[in-house]
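Trainee: Following is a predicted model, sequence given first.
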Amino acid sequence: MSLLPFCEWLASTPGSIALHESLYAYSVVESIHVLTLTLFAGLAVMLDLRLLGIAMRDTPVSEVADRLFPWTLAGFIVMVITGALLFYGIPVRTYQNMFFRIKVLLLILAGLNVFVFHTKVNRKRAEWDLDPVPPRRARIAGGVSLFLWALIVVAGRMIAYNW
Amino acid sequence: MVLHYFQLLQATRVGEAIRQSTWMFPVIESFHLMGLAVIGGAVLMVNLRLLGFGLNRQPVRQVASDAQPWLIGSLIFMFITGSLQFTAEAVKCYYREAFWVKMSSLLLAILFTFTIQRSVTMADEKRVGPLRCRLVALVSLTLWAGVAIGGRWIGFS
């Protein structure tokens, strides 16, 4: 089954129609999605800034990463659920939207960055945990993450404009 | 009276240019949202610490001082991007209840953050009870949530 027929089928399901036609549900889901940005992206940005060595320099990287992780994860879960619902309500148009496709691509890249960070950079964290400015590799990971999330925010906002 | 000034503002060249352009408003909006992420991070860092769910090994004062430049920086950034959006649709904002909810919450949030909350975060930790810290955090979170929800709701008509 290719993706477009799948999206068309999805659009014909009762749940999708209900979400699409509801007066408030879609706006509420959208609002939760946007406002959770503060929790997910906000705390991710704080960690990235620590990795770049420009914020919280006196706090160990591990403290920032580990203490904020449950909150960032919670934010991420809410983002995924509400994001999936937003897609579910308008599957065909979203699938065909260029910014949606760009966003998916950027999300994959952001995921890869997290993977590389955890497998390569974060393993030797004990060596630079207390450094005010972490080593170059960690700074690159933080910078790449910051850049990608900024683009993801832009792409996400643009999906709603039906150009 | 207020409406008159809003109309004048909207009629300015800047307002006109943003309204006429296809992409300007969405791009400014996107930057406003990036600011939202940063201010959200800064506000949450401090309030999670006050609630005892954040960087608990660091003193409250340190977490608050670390977050402060990001809070002020993102506030200024959001003020600029927000003002540009407002200039483009000031009259619409005048008639939207959400706009006034947002602006009142914003005023209260800023006042609270830089007076009462600041006095708690900068005080000697032994002299401020955990209950007071939590109460301050809850008030702060409520006020900022009012700003954010009101802001999002301006867009819905």
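Mentor: Arrived safely, thanks for sending. Numbering: from 1, shown residues only, chains lettered A, B, ... in the order given.

Trainee: and the residue in chain B that chain A sits nearest to, how many neighbours?
Mentor: Among the residues of chain B, B:Gly40 lies closest to chain A, at 2.3 Å counting by CB to the nearest CB. Placement of C-beta: from N, CA and C, glycine included. Close neighbours of B:Gly40, defined as other CB atoms under 10 Å in any protein chain shown, add up to 25.

Trainee: how close does it get to B:Val2?
Mentor: To B:Val2, B:Gly40 is 30 Å away according to CB to CB, to the nearest Å.

Trainee: do B:Ala67 as well
Mentor: Look at B:Ala67 and B:Val2: by CB to CB, they are 34 Å apart.

Trainee: higher neighbour count, these two?
Mentor: Counted by other CB under 10 Å, B:Ala67 and B:Val2 do not tie: B:Ala67 has more neighbours, with 23 against 8.

Trainee: if I pick that one, what's in contact with it?
Mentor: By CB atoms under 8 Å, 6 or more residues apart in numbering or on different chains, B:Ala67 lies in contact with B:Ala42, B:Val43, B:Met45, B:Val46.

Trainee: now do B:Leu36
Mentor: A:Val34, A:Leu37, A:Thr38, A:Gly42, B:Met78, B:Ala148.

Trainee: Save the residues you listed as a markdown table, and put in pLDDT, secondary structure and distance to B:Ala137 too.
Mentor: As requested, these are exported to a markdown table (pLDDT from 0 to 100; DSSP: H, G, I helix; E, B strand; the rest coil; distance: CB to CB, whole Å):
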| residue | pLDDT | secondary structure | distance to B:Ala137 |
| --- | --- | --- | --- |
| A:Val34 | 95 | helix | 22 |
| A:Leu37 | 95 | helix | 20 |
| A:Thr38 | 96 | helix | 15 |
| A:Gly42 | 97 | helix | 15 |
| B:Met78 | 98 | helix | 21 |
| B:Ala148 | 96 | helix | 16 |
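
Trainee: okay, among the residues you listed, which ones form the most distant pair?
Mentor: Within these, A:Val34 and B:Met78 form the most distant pair, 13.9 Å apart (CB to CB).

Trainee: where does the chain dip in pLDDT?
Mentor: Answering for chain A, as no chain was given. Applying pLDDT under 70 to chain A flags the ranges A:1, A:163.

Trainee: my bad, chain B
Mentor: For chain B, the stretches with pLDDT under 70 are B:157.

Trainee: buried ones in the helix or strand harbouring A:Glu127?
Mentor: Assigned by DSSP states H and E, A:Glu127 falls within helix A:125-128. By neighbour count with 16 or more other CB atoms under 10 Å in any protein chain shown, helix A:125-128 contains the buried residues A:Trp128.

Trainee: so which helix or strand takes in the residue of chain B closest to chain A?
Mentor: When elements are assigned from DSSP H and E, B:Gly40 belongs to helix B:24-51.

Trainee: got the buried residues for that helix?
Mentor: For helix B:24-51, by 16+ other CB under 10 Å, it's B:25-26, B:28-51.

Trainee: ok, which residues in chain A are in contact with chain B?
Mentor: Proximity of chain A to chain B is confined to A:27, A:30-31, A:34-35, A:37-39, A:41-46, A:49, A:55-56, A:58-59, A:63-64, A:67-68, A:71, A:149-150, A:153-154, A:157-158, A:161, A:163 under the rule CB under 8 Å from any CB of the partner chain.

Trainee: which bits of chain B sit near chain A?
Mentor: For chain B, the residues in contact with chain A (CB under 8 Å from any CB) are B:22, B:26-27, B:29-30, B:33-34, B:36-45, B:48, B:53-58, B:62-63, B:66, B:70, B:145, B:148-149, B:152-153, B:156.

Trainee: Apply 6 Å and report the result again.
Mentor: Residues of chain B found near chain A (CB under 6 Å from any CB of the partner chain) are B:26, B:29-30, B:33-34, B:36-38, B:40-41, B:44-45, B:54-55, B:57-58, B:66, B:148, B:152, B:156.

Trainee: for chain B, what spans make up the helices?
Mentor: Assigned by DSSP state H, chain B shows helices spanning B:2-10, B:13-20, B:24-51, B:60-88, B:90-95, B:97-112, B:118-121, B:130-154.

Trainee: Mind putting the ones you listed into TSV with distance to A:Val144?
Mentor: TSV is the format used below for those (distance: least, CB to CB, whole Å):
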stretch	distance to A:Val144
helix B:2-10	40
helix B:13-20	32
helix B:24-51	16
helix B:60-88	20
helix B:90-95	37
helix B:97-112	32
helix B:118-121	32
helix B:130-154	27
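
Trainee: quick one, which of those helices is packed in tightest?
Mentor: A comparison of the helices of chain B by mean neighbour count, using mean count of other CB atoms under 10 Å in any protein chain shown, puts helix B:24-51 on top with a mean of 22.
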